[in-house]
Structures are given as C-alpha cells and as structure tokens.
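Student: task: produce atomic coordinates for the following.
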Amino acid sequence: MTTTTKKRRFVFPDDGSAARSPAERKLEDVFTRFEPELLGTLQHLLGNPDDARDALQEGFVRCWKKRDAVDEIANLRAWVFRVAYNVGLDLLKSGWRRRRKAVAVEELEPAARDGEPEERALERERLAALRDAIRRLEGKEKDVFLLRQNGALTYEQIAQATGLPVGTVKTAMRRALAKLRTADEISALRVAERSDERDQNESGAESETTEKDRENAAADGDGTSAANGRNAAETER
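Tutor: Presented below is the predicted three-dimensional model:
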C-alpha cells in the first residue's frame, strides 16, 4: 500500500521532513490561504508574475525564520502582507528584477466559454477593465489600495510598511477609490451601451425577419388569388 505526500506550495528553509508545530502549520496555512491576494499585490508592485512568485517565496522564508513569534502576532494576515510587501520593495530598490513582460488583463481573466451567458461575459469584461484601472493607479495610490484591500492592513500598518505619513496614506487611498469608482462607472456604462447595442441588433434582426415574412405572405396571397381567378374562369368556360 502506497501513501501520497501533500505537495507543498512553498519551499521550506529546512529539509521539510520534520513534524510541524502548531505555529508552523498556522503560518503555512495563512500563506496558502492568502496566496492569490499576496501574488496579486506583488505582481502589481513588481510588474510580472515570476518576480512576484520569487518575492512571495522570500517573504515566506523571512516569516518562517520568525515562526516562534507567530502566536504573539495579533493580525497574522497583516503581518504576512507587510513582510511580503517589504520583500517586493527590497527587490525594486536592489534592481534585481528580470523585467519580464507584464501580464495583460486578458491573461489574468479566464477565457470565455462557449455558451456562456451574455450577462456573465459582460460582467467579466467590467471586472477586467477595473483591474486594468488598478494597474494604472499612481505608485503610492496603488500600493496603499492593494495593501488595504488585499492585505487588510490598517492605515497605521500601511504607513509603517511604506514609510509614508498616515495622512498621506489616507489621502492616497481616497484618490485611489475615487479613480477606481470613476473607472468602474465608465466600464459599467460601456457594458450597458454594449448590451443596449446587442438588444437593438437583435430587435432589428427580428423586425427584418417579420417584414420578410409579411412580404412572403403577401406574395403567397397574390399567387393564391391569381390561381383562384384562373380556376373560376375555367369553370365558367
């Protein structure tokens, strides 16, 4: 009888064979649970998924080295995001980046499936536009927004992680939200316009079909009348 080993998402600093303590399992669970948000934050910061993955692994290693203090940390999620974010900043400052091509919005969005309802496809398009708007935020605005939304950090924690005054952090967050709100309204308007255009095209096609049906019916009626006239004339003869 064979047993299967659970594939680990992160490379451990040790050999990975030792039994894990409750604190170590808690730390691994947090990284695993919030991996998508962590990668998204780092990818926005660094510009490509490969550097984001490397930064996340390095962030895991840094946290692992302090695993004995995990039980004393009140907000483990915020701590993990702050450590990972600082790793990303260190990579930016050191110039250690492969500078791979940034992933396009289309690559972040799953491909549309055949037969997918139009409403769902339009909503996916709106979300893609919103994510693109996030990438186009200015540096401080984007960093603050991602740490606040993805990492659930307080303004004080963001200030500590970024080195910005708390007032600047709050201002950056307000500006980011205002820009994203406008972008969302614009994308929602475009979606509504496209939906309306689709409805008009469908309505026009139906009207054209109805008109052709009436023309065909009239032609059939004229043919029937002519045939009846010929039949009546033959009967009289």
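Student: let me see the contact set for His44.
Tutor: Contact analysis of His44 by CB atoms under 8 Å, 6 or more residues apart in numbering lists Ile134, Arg135, Lys142, Leu146. All C-beta atoms are positioned from the backbone trio N, CA, C, and that covers glycine.
Student: I'd like the next helix or strand past the lowest-mean-pLDDT helix or strand in the chain.
Tutor: Ranked by mean pLDDT, DSSP states H and E, the weakest helix or strand in the chain is helix 105-108, scoring a mean of 40. Later in the chain than helix 105-108, the nearest helix or strand by DSSP states H and E is helix 118-135.
Student: now the angle from the helix or strand just after that next one to helix 118-135?
Tutor: Counting by DSSP H and E, the next helix or strand C-terminal to helix 118-135 is helix 139-149. If you take axes from the mean of the first three to the mean of the last three CA atoms, to 10 degrees, helix 139-149 sits at 130 degrees to helix 118-135.
Student: quick one on the thing from earlier: of the contacts of His44, keep whichever come out buried.
Tutor: By neighbour count, with 16 or more other CB atoms under 10 Å, the contacts of His44 hold Ile134, Lys142, Leu146 as buried.
Student: would you map the strands across this structure?
Tutor: Secondary structure of the chain by DSSP state E: no strands are present.
Student: poorly predicted segments of it, please.
Tutor: 1-9, 12-18, 95-117, 195-196, 198-199, 201-237 (pLDDT under 70).
Student: the same query, at a cut-off of 50, please.
Tutor: For the chain, the stretches with pLDDT under 50 are 1-7, 99-113, 232-233, 235-237.
Student: may I see the buried residues of stretch 142-158?
Tutor: In stretch 142-158, counting by 16+ other CB under 10 Å, buried: 142-151, 153, 155, 157-158.
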